[in-house]
Structure formats: C-alpha cells, structure tokens
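**Q** pasting the sequence and the predicted model now:
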Amino acid sequence: MSTMQQPIISYGAPVSLDVARRVAAAAEAEARAHGWPMVIAVMDSAANLVVLHKMDHAQTGSVEIAQAKARSTVRFKRPTRVFEEALAAGGLNLRLLATEGACPLEGGLPLMHEGCLVGAVGVSGMQSTQDAQVAAAGVEAL
C-alpha cells in the first residue's frame, strides 16, 4: 500500500503592502464584475493582517469571516476548501470541528512565491464558491 506524502511548504518572507494591495485590487475587480459586495483580507506569512478591504454594502459579518479564512490558510498552509470538503465528507473528518482556527468555508487561498507561502487572501460576502472565485482572482495578481 502506498501513501501519498504532501509536499512540505515553507513559510517565506511576508507579503509586502504593495503586493497585498495588488491582490486586493484584483479580487475587488472580480467581485465588482459580478456585482458581489465582498470583504477581502490579505494576511502575511505570520498571519498578520496587511490589507482589509470592505466593499460598499458588504455584510458586516464578512469582515471577521474573510480574516478567519486568510488566517486559517496561513496557519494550516492550505486552502480553506480542504476543511469544507472534509466536513462535508463527515465521519472521522468531523474531528476538524475541534481544530482551533481551522475555517471550514471555501474562500481562503495561499499566496505563494518561489514555492513558499508568503501570505493568504480570504474573501467573504457571497456563496463560498463565489468567495473562492474572487480570492482566485487576487491570487492571479501575484
């Protein structure tokens, strides 16, 4: 029986303010193109908030959720979709509910540079798949 080992991801230098702004701007452009009021959070490789961008008419609850998605992505070095899918599968995966800081909502994506995690973007405001679509646009700007 073979087991697939995940590659080890190292933390890199923290994402700069200029890069974080570029990520947030690209994410906002995607959200605006669809008429989605979103909150976009960009964190550095130490899970410190670099940019928080709340679009007009975004629900206030999304401020905390966007940050939780970005923070979870940095701390666990993976997109938050992994946690959402694990919970949806049920069974032993429900143990995830006891994992402090693991946000089980799609919409948090890592920001990678030269194979290292330099930060994350978290988006909240619509359905989780739409949040992920907007976050992916931000990642593309990196």
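**A** Cool, the structure landed.
**Q** phi, psi of the most centrally placed residue in the chain?
**A** Using C-alpha atoms, centre = their mean, the residue of the chain that lies closest to the mean C-alpha position is Gly108, 1.7 Å off. Backbone geometry at Gly108, expressed as degrees, to the nearest 10, gives phi -110, psi 120.
**Q** so it sits right up against Thr80, yeah?
**A** Yes. Between Gly108 and Thr80 a contact is recorded at 3.6 Å, counting by C-beta atoms under 8 Å. Bear in mind the C-beta positions are built from the backbone N, C-alpha and C, glycine included.
**Q** what ranges does the chain have for its strands?
**A** 10-11, 39-44, 49-54, 108-113, 116-124 (DSSP state E).
**Q** which residues in the protein form helices?
**A** 17-34, 61-76, 81-89, 128-140 (DSSP state H).
**Q** format the ones you listed as CSV; extra columns: distance to Gln6, mean neighbour count and mean pLDDT.
**A** CSV is the format used below for those (distance: least, C-beta to C-beta, whole Å; neighbours: other C-beta atoms under 10 Å; pLDDT from 0 to 100):
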stretch, distance to Gln6, mean neighbour count, mean pLDDT
helix 17-34, 24, 18, 98
helix 61-76, 12, 23, 98
helix 81-89, 11, 16, 95
helix 128-140, 19, 21, 98
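**Q** closest to Cys103 out of those?
**A** Ranking the helices of the chain by proximity to Cys103 (C-beta to C-beta) places helix 61-76 first, at 3.8 Å.
**Q** any idea how far Arg81 is from Met126?
**A** Per C-beta to C-beta, to the nearest Å, Met126 is found 15 Å from Arg81.
**Q** quick one: common contacting residues for Gly108 and Thr80?
**A** 69, 72-73, 122 (C-beta atoms under 8 Å, 6 or more residues apart in numbering).
**Q** from these, which two are the most distant?
**A** The span of the shared contacts of Gly108 and Thr80, defined through C-beta to C-beta, is set by Ser72 and Gly122 at 7.7 Å.
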